[in-house]
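Trainee: take this sequence and fold it.
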Amino acid sequence: MQSTPLVRHILRDEAVTRGLGDVEARMIVEWLADRAEQTAVVAPNDTAAWAMVRAACRRARVIAAFVRLWAAGNHGAALQLVGAERLHWPLPAGDVDPGELMEGILAWVDRRDEIVADSLARRAA
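Mentor: Below is the predicted model of the structure:
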């Protein structure tokens, strides 16, 4: 499958970037676009690719909501979101730059996904 329709879908999903600063919005869109390009290569069919991209967009909206809440000083609401969504990334200690927070979360999510993928590959072998 070509990645262009998947990336176009991401760019049309305004909820992903709503309320974020330019830096954070750019980071999350680039992260999602990379995911869509990878998905286009590894997905067994178009239906699976679309499901994977929709799941990535939902995940990105949750990450964006957390960053938005934390940056606004709504730490309690951000922590509630973490609990409700059963998120496992390390929480920031106090106030942190939203760009640094977004970068840290996305890097953590990427590392975690790599570990899970490696584990699944070893089990399958």
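Trainee: touching stretch 56-68 from outside, list them.
Mentor: 9-10, 13, 15-20, 24, 28, 31-32, 35-36, 39, 78, 81-82, 85, 87, 98, 101-102, 105-106, 109 (C-beta atoms under 8 Å, 6 or more residues apart in numbering). Using the backbone N, CA and C atoms, a C-beta is placed for each residue, glycine as well.
Trainee: next: stretch 111-125.
Mentor: Here stretch 111-125 makes contact (C-beta under 8 Å, 6+ apart) with 88-89.
Trainee: quick one: that stretch to chain centroid distance?
Mentor: Put simply, stretch 111-125 sits 18 Å off its chain's centre (C-alpha atoms, centre = their mean, to the nearest Å).
Trainee: burial measure for residue 68, as a count.
Mentor: For residue 68, the neighbour count with other C-beta atoms under 10 Å is 21.
Trainee: and if you look at residue 90?
Mentor: 8.
Trainee: and what of residue 106?
Mentor: 21.
Trainee: residues contacting it?
Mentor: Contact partners of residue 106, counting by C-beta under 8 Å, 6+ apart, are 27-28, 31, 63.
Trainee: next, it: phi, psi?
Mentor: Backbone torsions of residue 106, given as degrees, to the nearest 10, read phi -60, psi -40.
Trainee: distance check, it against residue 99.
Mentor: 11 Å (C-beta to C-beta, to the nearest Å).
Trainee: what do you get for residue 10?
Mentor: When residue 10 is compared with residue 99 (using C-beta to C-beta), they lie 20 Å apart.
Trainee: neighbour count: these two, which is higher?
Mentor: A count of neighbours by other C-beta under 10 Å puts residue 10 above the other of residue 10 and residue 99, at 23 against 17.
Trainee: excluding chain neighbours, what is closest to the more buried one?
Mentor: Distance criterion C-beta to C-beta, 6 or more residues apart in numbering; nearest residue to residue 10, sequence neighbours excluded, is residue 32 at 4.6 Å.
Trainee: the one you found is in what secondary structure piece?
Mentor: helix 22-42 (DSSP states H and E).
Trainee: mind giving me the packing neighbours of the helix or strand containing residue 76?
Mentor: For residue 76, the host element (DSSP H and E) is helix 75-85. On a contact count with 3 or more C-beta pairs under 8 Å, 6 or more residues apart in numbering; DSSP states H and E, helix 75-85 meets helix 46-71.
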